[in-house]
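1. Next input, structure requested:
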Amino acid sequence: MFLEFICAVVLALVVSLGLNRMMLHLGPCLGLMDEPGDRRVHSKPIPRAGGIAIWLTFLLVIGGGLATGLIKQNNHVSWPWLSAFFAGSLVLIVTGFWDDRTGLRPIVKLGAHLLAPTVFFFIHPIETGLFSAHWHWALDYLVFLIWAVVLINAFNLIDGLDGLCGGLSVMATVALAVFAMTQGRMDAALLLLVMSGAIFGFLKYNINPARIFLGDAGAMLMGFFLATAATDAVGRKTVVGMILLPIAVAGVPLLDVLLAVWRRGARRYFQNLLGKKITGGIFDADGDHLHHRLLASGASQHTVAVILQIVAVILTALAFLPLVFGQKMFALSLVGFLLVCMIGLRNLARIEIAHTGSIVHFAIKRPGHPRRMAAVLFVYDLLVLLAAGFVAVMIETNWLVRRLDLDKISHFVIIFAIMGSLALWKVRVHRRLWVRATTRDLISLQTWLLIASIAAFSLFSMAYDDLEWCSLRLTMMSYLIACAGVCLPRVILNLIRDLSMEAKQRNSKLIADGKYGTMVILGAGDMGALLLDHLKSSIHDLYPGIRVLGFLDETRVLHGRQLRSFQILGGLSMVPKLVKESKLEGIILAIHNPCPELLEQLDELAAEHNLKIYHWSAGLKEMARVEADLPDVEPS
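-> The predicted structure is shown next:
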């Protein structure tokens with residue numbers, strides 16, 4: 001078996017090298033040329049026929065092996081499977097060919113994305129592993145269809161740099177092949193390794209500087225193959241395994257898809273709120289993909305490809321830990337995913353966060369309907385309280401495995417929801433202005449929920465004294481879950497606005513042209529913090545084009561620290577460096593009563609570096625009475 005694997009991979013590599021070499025000359029004759037453009041990173045026309053070469057290589061090697069008997073037919077590697085893959089992939093190859101040649105509408109490509117897995121499934125049905133064997137086949141079909149369409153689009157969107165899509169595909173196929181071997185699925189491993197050999201042959205001509213591209217046909221083929229092969233390679237696994245499988249197969253492309261849908265949807269919705277003409281659909285291309293952002297930061301194509309492939313390796317390793325070593329490793333994977341998400345969202349999702357923050361800000365500024373909002377929040381809180389009690393009951397009974405008196409224990413859910421709703425109504429939590437919430441408001445909310453939880457515990461314990469310890473555990477779990485659920489919508493709006501302002505200030509592409517430009521705030525005290533709060537809550541065009549780099553302060557002990565996520569860069573001696581490296585255009589003085597020496601120093605810096613100086617302050621001023629100029633009227 002080991003010798004068979006080596007021969008198949010080497011044969012696929014040799015055939016792929018020859019076919020890709022041929023496509024370098026055949027691509028221009030077929031009209032499959034990728035011309036330079038605004039969204040392109042290459043400067044000369046390049047053939048995009050590598051996907052066709054990979055497709056032909058795979059079919060020739062597997063088909064030839066089956067025909068000659070070098071590859072024995074079994075559950076996975078068989079003529080029915082190859083026929084199904086050929087028919088489904090042919091739909092994508094033909095669609096991609098015409099899209100690469102003349103361009104197709106997004107709706108047409110989406111139709112092909114739906115048709116290809118449908119053809120495959122009805123020729124060679126597969127089980128996704130999410131449902132029992134006696135469940136209707138339509139559920140497996142629906143899951144497989146969604147899974148295939150998502151992966152097809154994921155690899156199609158990520159294909160934007162030399163060696164990126166091919167490199168990610170190789171890592172996915174090799175990782176899945178190794179995993180299939182550990183599960184005893186040698187048939188699935190053989191298919192995956194043959195495809196990896198075909199992709200390796202393509203990468204010989206695709207590594208920067210690329211001489212050939214995958215094209216839409218090839219990128220869609222990568223996603224389709226992984227959608228079919230990955231499902232069979234894993235076999236019937238647990239739900240946890242099926243959740244981790246997409247991350248293991250296509251973590252980086254799937255992240256790019258999620259960001260694209262989020263970004264384009266937020267743009268369209270914000271344009272609709274402003275009453276502007278909606279430009280660009282969910283499926284329309286843009287220049288804000290992951291590789292575009294890393295390129296904009298100054299990294300080279302090779303560096304960007306390596307970075308994204310390293311991220312893919314990390315995600316694959318985290319996803320495979322529970323799949324290989326069991327669910328006892330799931331907690332470790334979860335912690336790893338949370339760390340990756342935190343770092344990724346802060347550094348890679350700034351555009352999406354900025355658009356979402358603009359929507360939230362605009363919605364807050366619009367006149368609302370207090371009664372309608374209070375009713376919505378009341379219903380939401382009631383559902384959260386019911387859900388918190390239900391989840392606590394499920395945990396206490398080990399998801400109904402432990403034999404407890406469910407008739408009694410289920411009453412706790414109702415009691416907890418009623419007491420919690422009464423407490424929230426008493427404190428008038430639904431009528432507070434939560435967009436201006438303070439820490440005191442949140443503490444008050446949690447305190448009243450605690451009082452309600454204690455009351456629910458007392459009532460339930462008096463009614464069922466034989467379940468006293470059980471009711472205590474239920475109360476603690478319900479309270480913690482309810483606190484998180486009830487507080488979430490109260491804090492999420494301000495959190496999004498904070499993240500949105502931070503994202504805009506850290507990304508010059510998100511700042512519209514205006515008269516202010518790049519600034520630093522002089523004074524990391526109360527006035528500086530107040531200025532940031534003002535920028536967060538002001539309308540988006542009040543200070544057009546303003547971008548805050550951070551703070552300057554002459555107090556040395558503050559240097560290197562952060563205030564509201566903005567770094568205190570140093571003192572005024574940093575100004576020449578900031579002018580040179582960050583193109584500093586002005587300084588905002590956020591000190592209430594600056595001394596004359598400081599003002600004189602600012603004047604010198606402004607004259608030397610052509611900077612603008614602004615003064616931010618807040619204070620009370622008595623308004624002078626304005627008396628109307630009324631005509632004299634004689635008393636009647």
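
2. Would you map the strands across the chain?
-> With DSSP state E as the criterion, the chain has strands at 33-34, 46-47, 518-522, 547-552, 562-563, 566-570, 586-589, 612-615.

3. Within its sheet, name the partner strands of the third one and how each one runs.
-> I take that to be strand 518-522. Here strand 518-522 has these sheet partners by DSSP bridges: strand 547-552 (parallel), strand 586-589 (parallel).

4. separation between Ser538 and His592?
-> Ser538 is 20 Å from His592, where distance means C-beta to C-beta, to the nearest Å. (Glycine included, C-beta is placed from N, CA and C.)

5. One more: Val393?
-> 56 Å.

6. Same question for Glu35.
-> Distance from Glu35 to His592, by C-beta to C-beta: 59 Å.

7. The two: which has the busier surroundings?
-> His592 (14 against 9; other C-beta atoms under 10 Å).

8. Wait, the more buried one touches Trp616, no?
-> No. Shown here, His592 and Trp616 do not form a contact pair, counting by C-beta atoms under 8 Å, at 9.6 Å.

9. Which neighbours do the two have in common?
-> Taking C-beta atoms under 8 Å, 6 or more residues apart in numbering as the contact rule, His592 and Trp616 both touch Met527.

10. hey, least reliable of the strands of the chain by pLDDT?
-> Ranked by mean pLDDT, the strands of the chain end with strand 33-34 at the bottom, a mean of 76.

11. Who are the packing partners of that one?
-> Here strand 33-34 touches strand 46-47, going by 3 or more C-beta pairs under 8 Å, 6 or more residues apart in numbering; DSSP states H and E.

12. Now do the strand it packs on: distance to the chain's middle.
-> Relative to its chain's centre, strand 46-47 lies at 31 Å (C-alpha atoms, centre = their mean, to the nearest Å).

13. Can you tell me the strand partners of it and which way each runs?
-> strand 33-34 (antiparallel).

14. Show me where the stretch 51-200 of the chain dips below the pLDDT cut-off.
-> Applying pLDDT under 70 to the stretch 51-200 of the chain picks out residues 74-76, 127-136.

15. Please work out the angle formed by the directions of the longest helix anywhere in the chain and strand 566-570.
-> Ordering each helix of the chain by length in residues (DSSP state H) puts helix 468-506 first. Helix 468-506 runs at 50 degrees relative to strand 566-570, counting by axes from the mean of the first three to the mean of the last three C-alpha atoms, to 10 degrees.

16. Pull out the buried positions in helix 468-506.
-> Within helix 468-506, the residues that count as buried by 16 or more other C-beta atoms under 10 Å are 470-471, 474-475, 477-479, 481-483, 485-487, 490, 493-494, 496-506.

17. I'd like to know how far the residue lying closest to Tyr141 once chain neighbours are set aside sits from Ile146.
-> Nearest non-adjacent residue to Tyr141, counting by C-beta to C-beta, 6 or more residues apart in numbering: Phe121, 5.4 Å away. Using C-beta to C-beta, we find Phe121 at a distance of 12 Å from Ile146.

18. higher neighbour count, those two?
-> Neighbours per residue (other C-beta under 10 Å) separate Phe121 from Ile146, with Phe121 holding more: 20 against 14.

19. need the contact list for the more buried one.
-> Ala84, Tyr141, Phe144, Leu145.

20. mind giving me the domain split of the chain?
-> Using automatic domain parsing, the domains assigned to the chain come out as 2-348, 368-505, 511-615.

21. right, and those - which one's nearest Ile359?
-> The stretch from these with the least distance to Ile359 (C-beta to C-beta) is domain 2-348; that distance is 5.2 Å.

22. Between the two ends of the closest one, how far is it?
-> 42 Å (C-alpha to C-alpha, to the nearest Å).

23. so Ala456 sits right up against Leu472, yeah?
-> No. Ala456 lies out of contact with Leu472 (C-beta under 8 Å); the separation is 11.1 Å.

24. ok, back up a step: and the strands of the chain: which comes nearest Val61?
-> Comparing the strands of the chain by C-beta to C-beta, strand 46-47 comes nearest, at 22.5 Å.

25. What is the neighbour count of Leu542?
-> Leu542: 10 neighbours (other C-beta under 10 Å).

26. Ramachandran angles for the spatially closest residue to Pro209 that is not a sequence neighbour?
-> Leaving out its chain neighbours, the residue that sits closest to Pro209 by C-beta to C-beta, 6+ apart is Asp162, at 6.7 Å. Main-chain dihedrals, Asp162, degrees, to the nearest 10: phi -60, psi 120.

27. dump the residue contacts of Asp162.
-> Asp162 touches Asn206, Ile207, Asn208, Pro209, Ala210, Gln301, His302, Ala305, counting by C-beta under 8 Å, 6+ apart.

28. okay, now the first one: neighbour count?
-> Burial of Asn206 is recorded as 25 neighbouring residues (other C-beta under 10 Å).

29. got it, and the second one?
-> With neighbours defined by other C-beta under 10 Å, the count for Ile207 comes to 16.

30. same check, this time on the fifth one
-> Look at Ala210: counted by other C-beta under 10 Å, it has 22 neighbours.

31. Spatially, what comes nearest to it if we skip its sequence neighbours?
-> Asp162 (4.0 Å).

32. do the same with the second one
-> With sequence-adjacent residues excluded and distances taken as C-beta to C-beta, 6+ apart, Ile207 is closest to Gly163, at 4.7 Å.

33. Nice, that's everything, thank you.
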